[in-house]
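>>> below are the sequence and a predicted model; questions follow.
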Number of protein chains: 4
Amino acid sequence: MIIVMNGKTDDADVEKIVKKLNEMGHEVHVIRGERRIVLGVIGDVENLASVPFYAFKGVEEIIRIMKPYKLASREFKDFNTIIKVKDITIGGKEVIVMAGPCVVENEKQIFETAQQVKASGAKILRGGAFKPRTSPYSFQGLGEEGLKLLAQAGKETGLAVVTEVMSVNQIDLVAEYTDIFQVGARNMQNFVLLKELGKTKKPILLKRGMAATIEELLLSAEYILTQGNYEVILCERGIRTFEDYTRNTLDLSAIPALKRLSHLPIIVD
Amino acid sequence: MIIVMNGKTDDADVEKIVKKLNEMGHEVHVIRGERRIVLGVIGDVENLASVPFYAFKGVEEIIRIMKPYKLASREFKDFNTIIKVKDITIGGKEVIVMAGPCVVENEKQIFETAQQVKASGAKILRGGAFKPRTSPYSFQGLGEEGLKLLAQAGKETGLAVVTEVMSVNQIDLVAEYTDIFQVGARNMQNFVLLKELGKTKKPILLKRGMAATIEELLLSAEYILTQGNYEVILCERGIRTFEDYTRNTLDLSAIPALKRLSHLPIIVD
Amino acid sequence: MIIVMNGKTDDADVEKIVKKLNEMGHEVHVIRGERRIVLGVIGDVENLASVPFYAFKGVEEIIRIMKPYKLASREFKDFNTIIKVKDITIGGKEVIVMAGPCVVENEKQIFETAQQVKASGAKILRGGAFKPRTSPYSFQGLGEEGLKLLAQAGKETGLAVVTEVMSVNQIDLVAEYTDIFQVGARNMQNFVLLKELGKTKKPILLKRGMAATIEELLLSAEYILTQGNYEVILCERGIRTFEDYTRNTLDLSAIPALKRLSHLPIIVD
Amino acid sequence: MIIVMNGKTDDADVEKIVKKLNEMGHEVHVIRGERRIVLGVIGDVENLASVPFYAFKGVEEIIRIMKPYKLASREFKDFNTIIKVKDITIGGKEVIVMAGPCVVENEKQIFETAQQVKASGAKILRGGAFKPRTSPYSFQGLGEEGLKLLAQAGKETGLAVVTEVMSVNQIDLVAEYTDIFQVGARNMQNFVLLKELGKTKKPILLKRGMAATIEELLLSAEYILTQGNYEVILCERGIRTFEDYTRNTLDLSAIPALKRLSHLPIIVD
């Protein structure tokens, strides 16, 4: 961590912060420039999160050097995470395609679509049974009936299936039918849900929130990883910007950025 | 609903849409301009939501005229909603202040803060017991212990209390201690949570999501209202923009906009 | 144009607007729904731009149907615009690459770079001589000396050249050396500059502004087209969003959108 | 400046950067943490702007400590800048109101408005003669005729006047009539215009660009200040966000932020 202080700060005020940091177990390097004094704080600064450094006299800026996520980072794990679902390998050389309808509507629709999905070379069938809808008046999905149809369509075609889980109390039910849990963009920071999913044994497809930074997406993945489930698939699906000609703006450069920062596989929606 | 078609569209293609609309029970007015043909569709168009009009030949734009929310709208209810919590009136002439720490840390902190909150004229004490944190490594709140302390501090000072509920499985527990449920910005579109809160009898403080439009905020309120709980307090707390000097950009003009569109009370965070 | 009025508006108030529209030469269709009255206004509504319709009683929304740009639109011109620069064809089947340094620094740099640009198959050499810099303390380019070096490097390698013009008083000078004028993102709405460039005979590479919508980009192109220069190359180069891991967020979907709306060629930066 | 390197970087690679920095005249402090090596670079780092530090092995992040603007900063000048226009003091205790029509349309309109502006206590009359319009088909202002009318209306009522200048070649003309030059949001980064205005002796009202950060606004002010004109009035007028219910989102917190960072007066539009 770097603490930037005004160059005119009294020595006594600088000393106060240094002492505080020392007391909390950190080595501090003081660099004096003409107009700024810079304190370099060594070590894991987790224990400093709640210290209100901005309240100390002379402090102008606090700059964190370490990324706040760990298990999701390349530093923690150098090689790419590979996730096996049935005989499918996600995160390897092969590009895996997931396809299917937004929502499972009826038997005919999902079975016919599954056939087409299979025929066009995709490996995973997606389809919503529980749908997060902006309006309470929109169709909210078929629920368990939809899950059953999806699972049957997957079985018949030999496709793995992925479907959304919206709440902790749906996890057990959804787990009976799906191969991969999907967390929707609106639930990317539903931390209670993330933690519970972290205790399951199935891969999680984690969609980036509409206004989530790359760091926030990785921190949400971290919530799952810290619970022991290391099989998280990140999903870039566009962010909300001022441009409204398209519904979302796909953030293409997030993909190489995520690949650089994390070992987790990434999918584009 | 307005359907805009290219002016060069064949009569037969225009007729196809008109027929479809008639079949679904709607009266249609066709207005022919030089370069556009405009279809005005009369009546409640809810049943048209799933018709893929863009797939019809000649269709250029679909414009919805009616707001998608109803119970939250001024049209549904002309006069302001007033919410009574103990002897406090929210949504009336008086400006009500809610204050308190981000998170309940310990007895001393919350009791001392409550005294100050009371002394400075605020009517409602807030404090988090379950905290949605971007990082899994940040302090997540004291849980039930925090709720107890908050409720005691409220009792002792005569302040009403408000605290966040993050998940369906916390509702009963939080309800024992709080006067008002708070739904955080990250959960504004956690529709499962909204629906369950709609079945409770306590007021809901609904925070606007970081990237939520005014319409989406009102639709989230609508989720609660449709379940029978009409006591929703909207909360404008800033949106995410490119400017990062401040953490959020307070959208001040959302307040008169919300007041114009809805009868629900609004609070600024 | 569509004018949406509240369904409870008095007939006399509806009549007032209709009369006003008729007086201004427009035919009006009145469609009465349960909760809304919709007025469909026929014809070119340019002359209505300054009428404050929102001030009329009962008016809730004004919806423009026609795109505000004309010469840039597909409706005006169905087939793609092809721009010839030397023996290069921009806007045809071939993908043309422009490459080169951000700024021309010295002879060695620009000549060596030009060789590499040529060798790697690009057809156009770019390099800044006048640089719009966020800070006045950053290097602002070599000016005419930079233009000369760029033109010589282009000549020697047989590459066409493109360079930025920042102001009306630089047009003549830049025109002596460049094959294509570049308008930078920060000048996309420098309308005085656009108009003057519209009077020249050289192609204009028009970069999308950081916060410009697709419609605004096309309207800026329209400024050039209305002056008689039809050779505008649109350039998508990323927009400003809340995500700051990358400097700009490339708006990939703007490209098919622009191709659908306009006949002008598009380049990605 | 702080250079953050990966903790596993070879000593030789760290040494390479340190040597480069020393050669360029900078003292460097090396702080070794467990997972990061931090280089603190002392002194004015202006001369390092063009060194591609990210290309050095092991470099992860470059963090600038000093604000890039100087003359506009509170560090340069502790006390508030006060600007005198006629007998009006801008930037002092008194809140000054500027009012008037968007555009000067005709004699009657501007004279009547000026009377009302005067009567309601405002001190400065605004009105556009050269209007930057998104569409080339919108009314572009009366030009010199508009300037004359505005100046006369100001004279008659004793109000000072402010009007927009869009281009370098309009400066002399506008200067004849106005008391304050206005630079519109779309021209905030028209650096050629800013530099020329910096050579004039009249105050400049500088509007924040639609997507300009606070730092960029201050850097644009810096362009004017470096030319010798210290009378810049900053103007916060809303930024572009995803919310489109209102045309712009007023960034209210930019005002205290600007007051903290700069001595220049601020006006809200």
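Received it, and whenever you're ready, just let me know what you need. Numbering: from 1, shown residues only, chains lettered A, B, ... in the order given.

>>> counting neighbours, what do you get for the closest residue to residue A:82 other than its chain neighbours?
Leaving aside its chain neighbours, residue A:82 sits nearest to residue A:91 (4.6 Å; criterion: Cβ to Cβ, 6 or more residues apart in numbering or on different chains). C-beta: built from backbone N, CA, C; applies to glycine. When counting by other Cβ atoms under 10 Å in any protein chain shown, one arrives at 18 neighbours for residue A:91.

>>> now swap in residue A:94 and tell me
Other residues within reach of residue A:94, judged by other Cβ under 10 Å, total 10.

>>> am I right that it is in a strand?
No - assigned with DSSP: H, G, I helix; E, B strand; the rest coil, residue A:94 falls outside any strand and is coil.

>>> pull up the gap between it and residue A:231, please.
The gap separating residue A:94 from residue A:231 is 17 Å, by Cβ to Cβ, to the nearest Å.

>>> ditto for residue A:143
Residue A:143 is 26 Å from residue A:231, by Cβ to Cβ.

>>> neighbour count winner among the two?
For residue A:143 versus residue A:231, the count of surrounding residues by other Cβ under 10 Å is larger for residue A:231: 23 against 14.

>>> what residues does chain A have near chain D?
Within chain A, the positions near chain D by Cβ under 8 Å from any Cβ of the partner chain are A:2, A:4, A:29, A:31-36, A:38, A:40, A:42-44, A:61, A:63, A:65-66, A:75, A:240-242, A:244.

>>> near chain C too, which of these?
A:241-242, A:244.

>>> of those, just say which sits nearest to chain D.
For those, the minimum distance to chain D (Cβ to the nearest Cβ) is 4.7 Å, reached by residue A:242.

>>> quick check: that closest one touching residue D:247?
No - with contacts defined as Cβ atoms under 8 Å, residue A:242 does not count as touching residue D:247, sitting 11.3 Å away.

>>> the two: who's more crowded?
A count of neighbours by other Cβ under 10 Å puts residue A:242 above the other of residue A:242 and residue D:247, at 23 against 10.

>>> next, the more buried one: secondary structure please.
Going by three-state DSSP: residue A:242 is coil.

>>> ok, it - contacts?
Neighbour list for residue A:242: C:211, C:213, C:239, D:240-242, D:244 [criterion: Cβ atoms under 8 Å, 6 or more residues apart in numbering or on different chains].

>>> likewise residue A:28?
A:18, A:21-22, A:39-42.

>>> narrow these to those that are buried.
Taking 16 or more other Cβ atoms under 10 Å in any protein chain shown as the criterion, what is buried in the contacts of residue A:28 is A:18, A:21, A:39-42.

>>> point out the least confident one among those residues.
Least confident entry in the buried ones among the contacts of residue A:28, by pLDDT: residue A:42, with 82.

>>> quick check: the nearest residue to it once chain neighbours are set aside vs residue D:7, distance?
Excluding the flanking residues, the one nearest residue A:42 by Cβ to Cβ, 6+ apart is residue A:27, at 4.2 Å. Counting by Cβ to Cβ, the separation of residue A:27 from residue D:7 is 15 Å.

>>> and residue A:243, by the same measure?
40 Å.

>>> so for those two, which sits in the more crowded spot?
Neighbour comparison, residue A:243 and residue D:7: the larger count goes to residue A:243, with 23 against 15 (by other Cβ under 10 Å).

>>> residue A:40 touches residue D:31, doesn't it?
Yes - judged on Cβ under 8 Å, residue A:40 makes contact with residue D:31 at a distance of 4.0 Å.

>>> overlap in contacts, these two.
With Cβ under 8 Å, 6+ apart, residue A:40 and residue D:31 have common neighbours A:29, D:38, D:40.

>>> contacting residues around residue A:201?
Here residue A:201 is in contact with residue A:229 (Cβ under 8 Å, 6+ apart).

>>> so which helix or strand takes in it?
Residue A:201 is part of no helix or strand, with elements assigned from DSSP states H and E.

>>> what secondary structure does the closest residue to residue A:3 other than its chain neighbours sit in?
With sequence-adjacent residues excluded and distances taken as Cβ to Cβ, 6+ apart, residue A:3 is closest to residue A:39, at 4.1 Å. Following three-state DSSP, residue A:39 is assigned to strand.

>>> contact partners for residue A:39?
So residue A:39 contacts A:2-5, A:14, A:17-18, A:21, A:28-31 (Cβ under 8 Å, 6+ apart).

>>> could you rerun that using 10 Å?
Shown in contact with residue A:39 (Cβ atoms under 10 Å, 6 or more residues apart in numbering or on different chains): A:1-5, A:14, A:17-18, A:21, A:26, A:28-31, A:53, A:59, A:62, D:31, D:40.

>>> residue A:186 now?
Each residue near residue A:186 by Cβ under 10 Å, 6+ apart is listed here: A:132-134, A:166, A:207, A:209-210, B:186-191, B:209, B:212, B:216, B:220.

>>> tell me which of the residues you listed fall in strands.
Residues of these located in strands (DSSP state E): residue A:207.

>>> mind checking which of the contacts of residue A:186 are buried?
By 16+ other Cβ under 10 Å, those give A:132-134, A:166, A:207, A:209-210, B:186-191, B:209, B:212, B:216, B:220 as buried.

>>> tell me how far residue A:137 lies from residue D:212.
Relative to residue D:212, and taking Cβ to Cβ, residue A:137 is found at 40 Å.

>>> would you map out the domains in chain A?
Split into domains by automatic domain parsing, chain A comes to A:2-63, A:83-268.

>>> tell me which of these is the most buried.
domain A:83-268 (a mean of 20; mean count of other Cβ atoms under 10 Å in any protein chain shown).

>>> got the phi and psi for residue A:108?
Note on residue A:108: backbone dihedrals following degrees, to the nearest 10 are phi -60, psi -50.

>>> swap that for residue A:36, please
According to degrees, to the nearest 10, residue A:36 has phi -140, psi 150.

>>> if it is in a bridge, with which residues?
residue A:6 (DSSP bridges).

>>> ok, now which ones touch it?
A:4-9, A:60-61, D:40, D:42, D:65-66.

>>> now swap in residue A:260 and tell me
Here residue A:260 is in contact with A:74, A:214, C:245 (Cβ under 10 Å, 6+ apart).

>>> how about the nearest residue to the first one, chain neighbours excluded?
Think residue A:74. With sequence-adjacent residues excluded and distances taken as Cβ to Cβ, 6+ apart, residue A:74 is closest to residue A:263, at 5.7 Å.

>>> over to the second one?
Computed as Cβ to Cβ, 6+ apart, the closest residue to residue A:214 that is not its neighbour in sequence is residue C:245, at 4.9 Å.

>>> re the thing from before, let's see which of the contacts of residue A:186 end up in helices.
Those of these mapping onto helices are B:191, B:216, B:220, per DSSP state H.

>>> and the second one, what does it touch?
So that's residue B:216. Taking Cβ under 10 Å, 6+ apart as the test, what residue B:216 contacts is A:134-135, A:186, A:210, B:68-69, B:188-189, B:208-209.
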